[in-house]
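**Student:** no sequence for this one, just the structure:
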């Protein structure tokens, strides 16, 4: 007879740091299937729906960060109370004080878990003391739900949103599992109104969800994971063991890997939310097609870049003052964006380089953006601009990926002094599968938008059984490339 292993079943409800619950795992597929069956039964009953989804979201987060899910609960309760206090107050000065308290508590939480060792190391270096890092666990996605929660209190302070009356509704928003641990950063003003509308899931939404989940799985579990394990990680673990040619392709490989990893998660998050009747905005839009750095930041991690623009850049004054002040605000915003990604000088450098590039581009277009360029030669300027932009982004990724500045400099040194172009054929033969996947990945990335839309529309028109066959085919493909160890999404560390 069929028997259930109670021990293995119980293990699924325990936190295992070596096996976080991620979208590309078989366990999530199994759990999500059961979740959706219950969700469709409850989705018309608002309180039952919010309670069930919130509890599942907390379980999902527990499987990612263990008992630190209590931090998520605490942050939710505090911001719910403070937001209601802001809304009820008539005096602007009191509203501002409460908002400042919310900012201090949220950023203080983020600072403790993410930046304590960073600042402690600086103090030790300045004091000539031995640095021993404190044993501080970084809860998965703490940067995401912190920024998401802050958007709620900011929007209520600005009068663009009214607070929800029940804490469960707010908890649903903060902990909503599709985007909880790695984005996109969903605005309260965009999400909360959807919570109180009747859930409607159309055939078009199902088709788009299937397309997004399928493409996200391919990006993450087939392309990003494979080239990471079999090539990129080896290069960045010890650049001096490899030629400059291999290091250069390692940089190109990471450039593709980080996009496929980030956008793959976002695609799956947006697709899963669609299956539940919720709409998220696009978060990555073929970013490497950009012909300048400003366009890149309109296409890359859109939810983060717009959050920084609306809540940091504009709060500091934006472009409402002098040009010098505008440039300073822009540079500081990108520094904060760099520090948001990680506690280290290499992340600050990454943010600083992008900030400087954005300023340079604004100055450039104000001086040289001439409408007199002939149409028949304009494509040349676009190609050159794309080439320079793409390689500047690749250059910056070196510092983002390297474990420390020494590794970054070793990569650059190998590329510039020990290139060894003579081993090109040998290199191709040795990394054939990796290079094919890199080629396929970039080919997909540079696919014209109308082609992508045509494929999506075709999947939307599939009958439901064919949609299921399509997803099963994707899962079979993923299984062929899947490594024995779970490969968490890169953004889990942020």
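**Tutor:** Received it, and whenever you're ready, just let me know what you need. Just so it is clear, the structure is predicted and the values come from calculations on it, not from any experiment.

**Student:** ranges for the strands of the stretch 351-494 of the chain?
**Tutor:** Counting by DSSP state E, counting those that start in this stretch, no segments of the stretch 351-494 of the chain form strands.

**Student:** just checking, next helix/strand downstream of the helix or strand bottoming out on mean pLDDT in the chain?
**Tutor:** When each helix and strand of the chain is scored by mean pLDDT, DSSP states H and E, helix 6-11 comes last, with a mean of 57. Sequence order places helix 26-42 as the next helix or strand after helix 6-11, per DSSP states H and E.

**Student:** can you pull the buried residues of that following helix?
**Tutor:** 28, 31-32, 35, 39, 42 (16 or more other Cβ atoms under 10 Å). For every residue, glycine as well, the C-beta is placed using N, CA and C.

**Student:** how about JSON lines for those residues, with pLDDT added?
**Tutor:** What follows is the buried residues of helix 26-42, written out as JSON lines (pLDDT from 0 to 100):
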{"residue": "28", "pLDDT": "77"}
{"residue": "31", "pLDDT": "83"}
{"residue": "32", "pLDDT": "84"}
{"residue": "35", "pLDDT": "88"}
{"residue": "39", "pLDDT": "90"}
{"residue": "42", "pLDDT": "89"}
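
**Student:** Make JSON lines out of the residues you listed and add distance to residue 327.
**Tutor:** Converted to JSON lines, these look like this (distance: Cβ to Cβ, whole Å):
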{"residue": "28", "distance to residue 327": "45"}
{"residue": "31", "distance to residue 327": "49"}
{"residue": "32", "distance to residue 327": "46"}
{"residue": "35", "distance to residue 327": "48"}
{"residue": "39", "distance to residue 327": "48"}
{"residue": "42", "distance to residue 327": "52"}
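
**Student:** out of those residues, which one sits closest to residue 417?
**Tutor:** Looking at those and their distance to residue 417, the nearest is residue 28, at 45.5 Å (Cβ to Cβ).

**Student:** Contact partners for the closest one?
**Tutor:** Neighbour list for residue 28: 21-22 [criterion: Cβ atoms under 8 Å, 6 or more residues apart in numbering].

**Student:** my read: residue 64 touches residue 57, true?
**Tutor:** No. With contact defined as Cβ atoms under 8 Å, residue 64 does not reach residue 57; the gap is 10.8 Å.

**Student:** More neighbours: those two, which one.
**Tutor:** Using other Cβ atoms under 10 Å as the criterion, residue 64 and residue 57 rank with residue 64 on top: 23 against 20.

**Student:** The more buried one: which element?
**Tutor:** Secondary structure from DSSP H and E places residue 64 in helix 46-65.

**Student:** angle of that helix against helix 26-42?
**Tutor:** With axes from the mean of the first three to the mean of the last three Cα atoms, to 10 degrees defining the directions, helix 46-65 sits at 170 degrees from helix 26-42.

**Student:** count of residues packed around residue 465?
**Tutor:** 8.

**Student:** Phi and psi next, for residue 131.
**Tutor:** Here is the backbone geometry of residue 131 (degrees, to the nearest 10): phi -90, psi 120.
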